[in-house]
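K.L.:
Sequence and computational prediction follow.
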4 protein chains.
Amino acid sequence: MVTIKDSVHDHIEVEGAAAALLDTEPVQRLRHIKQLGTVHLVYPSANHTRFEHSLGVYHLADRALDHLGIDGIRAERLRAAALLHDVGHGPYSHNVEAVTFRHTGKYHDDVHELLASGEVGEVLGAHDLDPERVADLVAGDGQYGQLVSGELDVDRMDYLVRDAHHTGVPYGTIDHERLIRELTFVDGELVLAEGNVQTAESLLLARALMNPTVYQHHVARIAKAMLRRGAERLLDRTETTPTDLRRMDDHELLVALRTTRATSDLARRLRTRDLYKRAVWAELDAVPDDIVDADHGAVSEFESAVADRAGLSAGSVIVDVPGRPSMTESSSRVMVSGEMRRLGKQSPLVSALRTAQKQQWRLGVYAPPDVTDRVGRAAVDVLGLDLDGALVSDVRPGVTATLDEFTGP
Amino acid sequence: MVTIKDSVHDHIEVEGAAAALLDTEPVQRLRHIKQLGTVHLVYPSANHTRFEHSLGVYHLADRALDHLGIDGIRAERLRAAALLHDVGHGPYSHNVEAVTFRHTGKYHDDVHELLASGEVGEVLGAHDLDPERVADLVAGDGQYGQLVSGELDVDRMDYLVRDAHHTGVPYGTIDHERLIRELTFVDGELVLAEGNVQTAESLLLARALMNPTVYQHHVARIAKAMLRRGAERLLDRTETTPTDLRRMDDHELLVALRTTRATSDLARRLRTRDLYKRAVWAELDAVPDDIVDADHGAVSEFESAVADRAGLSAGSVIVDVPGRPSMTESSSRVMVSGEMRRLGKQSPLVSALRTAQKQQWRLGVYAPPDVTDRVGRAAVDVLGLDLDGALVSDVRPGVTATLDEFTGP
Amino acid sequence: MVTIKDSVHDHIEVEGAAAALLDTEPVQRLRHIKQLGTVHLVYPSANHTRFEHSLGVYHLADRALDHLGIDGIRAERLRAAALLHDVGHGPYSHNVEAVTFRHTGKYHDDVHELLASGEVGEVLGAHDLDPERVADLVAGDGQYGQLVSGELDVDRMDYLVRDAHHTGVPYGTIDHERLIRELTFVDGELVLAEGNVQTAESLLLARALMNPTVYQHHVARIAKAMLRRGAERLLDRTETTPTDLRRMDDHELLVALRTTRATSDLARRLRTRDLYKRAVWAELDAVPDDIVDADHGAVSEFESAVADRAGLSAGSVIVDVPGRPSMTESSSRVMVSGEMRRLGKQSPLVSALRTAQKQQWRLGVYAPPDVTDRVGRAAVDVLGLDLDGALVSDVRPGVTATLDEFTGP
Amino acid sequence: MVTIKDSVHDHIEVEGAAAALLDTEPVQRLRHIKQLGTVHLVYPSANHTRFEHSLGVYHLADRALDHLGIDGIRAERLRAAALLHDVGHGPYSHNVEAVTFRHTGKYHDDVHELLASGEVGEVLGAHDLDPERVADLVAGDGQYGQLVSGELDVDRMDYLVRDAHHTGVPYGTIDHERLIRELTFVDGELVLAEGNVQTAESLLLARALMNPTVYQHHVARIAKAMLRRGAERLLDRTETTPTDLRRMDDHELLVALRTTRATSDLARRLRTRDLYKRAVWAELDAVPDDIVDADHGAVSEFESAVADRAGLSAGSVIVDVPGRPSMTESSSRVMVSGEMRRLGKQSPLVSALRTAQKQQWRLGVYAPPDVTDRVGRAAVDVLGLDLDGALVSDVRPGVTATLDEFTGP
């Protein structure tokens, strides 16, 4: 057994297959991947890594299994999946995931291949764990997969608390102990026991507040878009393959960007926080549908067209179109008066949060600070934005810069 | 200057009139009044007092004044009001406020009389502060009164964080530092500056989660109802006057209840947590309007009728009818795109919270554990409750007791 | 099973005999006894009670038993002892213990009689636990008694962390999780496992820093001495018996002091923090041996003599002589290079702490603020104090009042 | 003004020259240098950086200046020094400092050259601050330099609290607010005001406990020694100059080690935590004086001789000789009874800490796990160690591995 001191959960005990997995390269590599990617450019203390998060998820999974009375090989498999759930992440976590996905067709939770071979495959084999089934759990499949990846998974419970601890933003401070204790299986579904409507709501609310404040802070989004642009160029102009890229860690990506001519300016800007600024920051209603739904190729063309209109070289404009606010209903389940109810049915807050999410959606157009004015005007024309009340640029006259601007040097 | 160590805000510096007010009996008395009354019967660590809370409110007011650039006599008056804002509380804070109000016509924030005389009046006078104007601020009157009592007041900022610290329930953990920093006056209204929709929402959400989990926890409500019953009997059957009652502290009320024959059983039950249980716990839709809107006299009659029907002596049944969920719109104001907006207009969460509040409303009927069954049936008849799906009693067969039951011995 | 939310250990699960003991009057009574007595007059947030502390001690005992692999009836007995370890406390915990001891010959950890009868005796009997053996554990007897009361007991681990949380003074923040995990029995002795010299030292150091800063803060000592004086008068001049006194809770003692003519002034002073002040504050070297070793009777005579010399009525002077700094060696044991060593042998810090403790010893003479000058001079004469550099009175000219003065209104 | 959210101090406001300095490359570079170097291999959450620490030191300096009543250009200079105090650090902070010092003659606090030119020099000039004088403050020179670098400096106050927050080890949790408030200048010396002997002791004790537990944890020491060895080889076998090395950040050093043939194995080991183990771990008394005092050249020769004797290639043995425990007296000063005293005179703990420090001193000999046995025996011979009770190797039979072994995967 290994005992590890953690800043969030204090002592974490790791044993069995998980203890052996700890020493493998794919798990140790997570020490070098920041949990929140570019968010540290907004919240300087947010330097925690996927490694400590993975330990936390393992720990909460272990506690949940204990409360649920699950043991034996099933528990061993789940604990392994919890520890391994993030080994599929590329450098800077979600920040370059879109790039690797376009080229490899794999998101970070598609780890069947990764687990089947190498050190991890060997350790799993030595402990009689089927890599295929562990990878299924990581993907959230099956009854028990819900614990690792689902509406009430231990992944979210760990990251909310951990991100709050390391950013200093208290909104993620949920009652994870209570959540773990109240989990139960009813008819094969993971639900919260009777008396926990507020417990379930609190989890949703924590995420709803952390999202705009931390995860989607506009400065983090700008830096992320710049990083993505850099990663694309690495693939286009160097011999780096998509698979190489996916297996890099943060150090390797940063140094690769610095030492590649086509990306060295982006690298310098990211390193010294000399970032692009917002030329456009438009609400959903102001953006034509075809822009909102544009694919990567179309967005690239928009970027070129905007740069052209502004008299700039291609590549100095970034158009950042987030996915359409997801309208999936919250499928968290909670027992109310003896029956299982979807939280979306039970709680008026769920649909309000969907509306809020739609309100918070923003299209961003970013460019170097000295040309945002020009780029902003060009983008409005090219993209056919409906300006009225919708444009909030960093340089928009008459608008006091928001506090967000000031949060983080 | 006096420097005081606080468990929430670390060091608090008190100076000027406030430092002199600290030594007066009405302020020192707050050391003996629990901030959360009977909540400590659910959350055993919740023994914090109105005294430390008053210091916290003073501290936050002082910081807010600093950020707002308010100084001089106006600031001195506000700081005094912040420190004094709770001196009008009776024993067990809000728990017996309804009783004293019925007899004195005064809520806890009506302190004109209290501030005008005695030690407090002298200190205010000696510092050239008009007691009348200080009492107005305590009541939330005028532009600056909003800071002490209003939608964005420092009272709430302190109690949410403090109650979270002392109960262990994390939902109240707001970003009070940011709230303070973002306060500003626009056209005489206290508002949050641009970029703070989430900041404003977080304050509402924290309260929305603390309410059912802490402040309105059913065990705390039962104990509170028993305490109120005890206080009424003290007034009815002893020489204690309403004014006497209002100026008691927690010790005095408890000992008075123990040493009075008519209340000694209630006192023993409260002391040893041998509380009444829920005979009925009915949702708003299940309760006829005339019951929801019944006044104190009517409720007393219902109690007698239920006891009678159940074959019990009057006094062994408590009917607890909370006020109708308040439909006042949230008047928090926040700047959005350069204009002042009411949060209720801006945020879809506000109306969702109103709906949630309505859902959480419960009529309670409480009785000694051995007769809840009988009392439940009697109450359903007498009150004309619409049972279907609405009755959730502590003893209802087939319903797993909720976790709430288990939270707190 | 009962699950209780605690501000320090989060969720505490209570089961078996302990769950039944929770509902008894002697345990519920601890809700009304402050953990730190008069310390809340210095640190206003220190209102936590013996009840929550007892739950915490139960919780840590349970975890320690788990780590030590102790279960069955032995574990049940230890858990009961942990929960009951403080039921022998009188009102205001240690503050009036000296008084009740003089009259009853019992300290708070002498609970054989208390556990043998009444509700507690019944519950223990119903769970096949011998009250005698449980009381032995509370007294620290036997191999397992060390866990409840000894150099490495869980009592201390809980109170240091809890007192830090509630006072805001961080010195008590030890790594209690590690301490629990490293406990082991070797040859019947409770020791810390290999590699824990610093862990053991940290526990001693935490206490060494909390002592002068919190537990022995001079303002708390003054209030405690006044409370003790009040308790003595209750016994002398009313029908209150020593046994009555010992079974009071804080409310009852406070109200008794207020309503008794001979103690009403003390009660008023304590309630409004209008305390006596130091007339003398003398180091050990400045005090003749016969004063340091004087018993209660002798001290009373000194008090009368000082009052007389100062021209005051008897009773307006308090002479507060702490016990001689205890020279017992630290008997904490820790494994070093495979052998069990006493920490006092292993760590140079232990003897340094003894020296520090001696340096911090102070004789106090207290009196109403307006007569401290007179009383100070009289006391120096009567007690034969060696003034040079040793007298530090609250009113001594030329000495800046210490920060301690300012800490707490 | 820039407001930054920090995980330790909450909101930090940066203004004036410091705000402009924030945007310079030498300050932004600190984002990429871990505060605790290899300690994250023991405590996985310890990924915080010199950047956030520098902000914290700036913040505490600003508060101290406020309390001390220092403003104007002197305060501006001190705030700049506080923010810049760590820009002289090489990659992995102190871990490779010995290497760069041997070649450049500069420790991290020698920044005269760095501040005089480039972006930092320009910003200082633009704000009328003399780089020379700012660099003097960084070096701790002059009356005000004590605030930045000295026994009571704000550097230490920040790092203790921050390291505790991020490692999870509570020993560093000092009362930094009180320390700041109690600072005062007497006769040009920075001292703690009357009544703060314990405050001063607590600072020393926190460091004394953090040292062996965190900063000098043997696993961190092993990794540090491996990193140092790698850095030396980079200088020996590549074109990297000492100045290049000093200006690298963590990413660059790691990637350079990975991509250089002579260091790639060390790099792989560091990346996957496949570290060398202790072959010898000897107390001071067991090590001949000439070994304790050996310089770098002599140690290199010992390493070769040990490797030779063990039949291994040069380079597979590391001899790690810490500096002799420093015997400088603690020069912290504190006011006692109106006079300034050195803490070393006043507190018996200071000399005890010196003794403890001597006891904790260990010579380490490290080698790949499969050869530690051989290397241990060879080292004992070659170095002439006095084995008796002094050798504690990772593989020593009969010694239970210490918990330290388990702390951290």
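P.N.:
Structure received.
K.L.:
Now do the strands in chain A.
P.N.:
A:2-6, A:10-14, A:183-186, A:189-192, A:277-283, A:318-320, A:333-336, A:339-342, A:362-367 (DSSP state E).
K.L.:
Sheet partners, orientation included, of the second one?
P.N.:
This means strand A:10-14. strand A:2-6 (antiparallel) (DSSP bridges).
K.L.:
Give me the mean pLDDT for the partner strand.
P.N.:
For strand A:2-6, the mean per-residue pLDDT is 95.
K.L.:
Check stretch A:291-299 too.
P.N.:
95.
K.L.:
same deal with stretch A:345-360?
P.N.:
86.
K.L.:
outside of it, which residues touch it?
P.N.:
A:197, A:200-201, A:204-205, A:208, A:211-212, A:216, A:283-284, A:325-327, A:329-330, A:334, A:336, A:343-344, B:201, B:347-349, B:351-353, B:355-356, B:359 (C-beta atoms under 8 Å, 6 or more residues apart in numbering or on different chains). Backbone N, C-alpha and C define where each C-beta goes, glycine included.
K.L.:
Out of those, which end up buried?
P.N.:
Using 16 or more other C-beta atoms under 10 Å in any protein chain shown as the burial test, these include A:197, A:200-201, A:204-205, A:208, A:211-212, A:216, A:283-284, A:330, A:334, A:336, A:343-344, B:201, B:347-349, B:351-353, B:356, B:359 as buried.
K.L.:
before we move on, back to that, now distance to A:L22 too, for the strands of chain A, in TSV please.
P.N.:
Formatted as TSV, these follow (distance: least, C-beta to C-beta, whole Å):
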stretch	distance to A:L22
strand A:2-6	7
strand A:10-14	6
strand A:183-186	25
strand A:189-192	26
strand A:277-283	42
strand A:318-320	37
strand A:333-336	33
strand A:339-342	37
strand A:362-367	39
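K.L.:
Of all the ones you listed, which one comes closest to B:A314?
P.N.:
strand A:333-336 (35.3 Å; C-beta to C-beta).
K.L.:
tell me which strands and helices that closest one is in contact with?
P.N.:
strand A:183-186, strand A:189-192, helix A:197-210, strand A:339-342, helix A:343-346 (3 or more C-beta pairs under 8 Å, 6 or more residues apart in numbering or on different chains; DSSP states H and E).
K.L.:
Can I get the second one as CSV, trimmed to CA atoms?
P.N.:
As requested, the backbone C-alpha atoms of strand A:189-192 are provided in CSV (Å, rounded to 0.1, in the frame of the first residue of the first chain):
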residue,chain,number,x,y,z
GLU,A,189,-29.1,3.6,-12.3
LEU,A,190,-26.8,5.6,-10.1
VAL,A,191,-29.0,8.0,-8.1
LEU,A,192,-28.9,10.1,-5.0
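K.L.:
Which secondary structure elements does that strand sit against?
P.N.:
helix A:142-148, strand A:183-186, strand A:333-336.
K.L.:
what's the first one in contact with?
P.N.:
Right, helix A:142-148. A:57, A:61, A:64-65, A:70, A:74, A:77-78, A:81-82, A:85, A:136-140, A:152-155, A:183, A:185, A:188-190.
K.L.:
Just the buried ones from these, in PyMOL syntax?
P.N.:
Per 16+ other C-beta under 10 Å, the buried members of the contacts of helix A:142-148 correspond to this PyMOL selection:
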select buried, chain A and resi 57+61+64+65+77+78+81+82+85+136+137+138+139+140+152+153+154+155+183+190
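K.L.:
which residue ranges form the helices in the stretch 151-300 of chain A?
P.N.:
Along the stretch 151-300 of chain A, the stretches classed as helices by DSSP state H, counting those that start in this stretch are A:154-167, A:176-182, A:197-210, A:218-237, A:242-247, A:250-259, A:264-271, A:289-292, A:296-309.
K.L.:
and chain B, which of those is closest to it?
P.N.:
Of all the helices of the stretch 151-300 of chain A, the one in closest proximity to chain B, counting by C-beta to the nearest C-beta, is helix A:197-210 (5.2 Å).
K.L.:
give me the low-pLDDT residue ranges for chain A?
P.N.:
Counting by pLDDT under 70, chain A shows low-confidence ranges at A:327-329, A:387-409.
K.L.:
Around chain C, which positions in it sit nearby?
P.N.:
Taking C-beta under 8 Å from any C-beta of the partner chain as the criterion, chain A approaches chain C at residues A:3, A:10-11, A:177-178, A:181.
K.L.:
returning to that earlier point: which one of the helices and strands packed on strand A:189-192 lies nearest to D:T238?
P.N.:
helix A:142-148 (44.3 Å).
K.L.:
any chance of the helices of the stretch 151-300 of chain A in a markdown table, with distance to D:A231 too?
P.N.:
A markdown table is the format used below for these (distance: least, C-beta to C-beta, whole Å):
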| stretch | distance to D:A231 |
| --- | --- |
| helix A:154-167 | 29 |
| helix A:176-182 | 41 |
| helix A:197-210 | 39 |
| helix A:218-237 | 28 |
| helix A:242-247 | 26 |
| helix A:250-259 | 16 |
| helix A:264-271 | 21 |
| helix A:289-292 | 51 |
| helix A:296-309 | 42 |
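K.L.:
Relative to B:H40, which of those helices is closest?
P.N.:
Per C-beta to C-beta, nearest to B:H40 of these: helix A:176-182, 19.0 Å.
K.L.:
Which of the strands of chain A sits closest to A:E52?
P.N.:
Nearest to A:E52 among the strands of chain A is strand A:2-6; the distance by C-beta to C-beta comes to 6.4 Å.
K.L.:
Residues of the stretch 201-350 of chain A that sit close to chain D?
P.N.:
Going by C-beta under 8 Å from any C-beta, the residues of the stretch 201-350 of chain A near chain D are A:250-252, A:254-255, A:271-274.
K.L.:
Save these as a markdown table, and put in neighbour count and distance to chain B too.
P.N.:
Shown next, in a markdown table, are those (neighbours: other C-beta atoms under 10 Å in any protein chain shown; distance: C-beta to the nearest C-beta, whole Å):
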| residue | neighbour count | distance to chain B |
| --- | --- | --- |
| A:D250 | 21 | 28 |
| A:H251 | 21 | 33 |
| A:E252 | 20 | 35 |
| A:L254 | 24 | 30 |
| A:V255 | 20 | 35 |
| A:R271 | 18 | 27 |
| A:T272 | 17 | 25 |
| A:R273 | 21 | 20 |
| A:D274 | 14 | 22 |
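K.L.:
Measure how buried the closest residue to chain C within the stretch 51-200 of chain A is and give me the count.
P.N.:
As assessed by C-beta to the nearest C-beta, chain C sits closest to A:E177 within the stretch 51-200 of chain A, at 5.0 Å. For A:E177, the neighbour count with other C-beta atoms under 10 Å in any protein chain shown is 19.
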